[in-house]
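> Whatever this is, show me its structure:
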Amino acid sequence: MFLAFWYLQNLLQVAFAGWALAPDLFFLSIFSKGLTDEKHYDRYLWGCFLGGLLWDFRWTGIPGFSASLYGGLFMVFRLVWMIIPKEGRIPILFLGVSSSALCISAILRVTLFYSGRAVIGSAMMMFLASAALSIVISWIYYSQFYRKQDV
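Residues are numbered from 1 along each chain as shown. Next up, the predicted model:
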């Protein structure tokens, strides 16, 4: 399933053709599942790292940048998520955590690859607009499916 999101993100990057970054669909999908799985989070951490490494080899040319970005964001926000008691993990908080992780990823990627170009503002706005749908899907997954499993 995560490879399908990686492939979709890759297709969107081709479609945007240099005037905007594709939203991190892969990262958000694996991030959402990794926050909700309390037993096997190390699999998702490695998934973030390997998916980011594939993205680096395909697009960025800096092997390890996206891999370390995805892995680092996953670890930091997973720690924040685990500090919150289970009773306090409400869907709106999940929306805030996932949106924050995606925005940090966007800011770092846009400033690295579009700094000095005239399209940096439009690239960031296009990224956030196209990422809104993936954030909503992630939030619906958490609020409708995961929360109903009596955790």
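
> nearest residue to residue 93 other than its sequence neighbours?
Leaving out its chain neighbours, the residue that sits closest to residue 93 by Cβ to Cβ, 6 or more residues apart in numbering is residue 84, at 6.9 Å. (C-beta placed from N, C-alpha, C; glycine too.)

> What confidence value was assigned to that neighbour?
For residue 84, the model assigns a pLDDT of 90.

> and it, how many neighbours?
13 (other Cβ atoms under 10 Å).

> any chance you could read off phi and psi for it?
Residue 84 adopts backbone torsions of phi -70, psi 130, taken as degrees, to the nearest 10.

> likewise residue 4?
The phi and psi values for residue 4, taken as degrees, to the nearest 10, are phi -60, psi -40.

> how deep is it tucked in, by neighbour count?
Residues within reach of residue 4, counting by other Cβ under 10 Å, total 11.

> And it, how close does it get to residue 11?
Separation of residue 4 from residue 11 (Cβ to Cβ, to the nearest Å) stands at 11 Å.

> And residue 108, by the same measure?
From residue 108 to residue 11 the distance is 22 Å (Cβ to Cβ).

> higher neighbour count, these two?
Applying other Cβ under 10 Å to residue 108 and residue 11 shows that residue 108 carries more neighbours, namely 15 against 12.

> how close does the closest residue to the more buried one other than its chain neighbours sit to residue 84?
Using Cβ to Cβ, 6+ apart and skipping the chain neighbours, the partner closest in space to residue 108 is residue 69 (6.1 Å). Distance, residue 69 to residue 84, by Cβ to Cβ: 23 Å.

> Nothing else from me, thank you.
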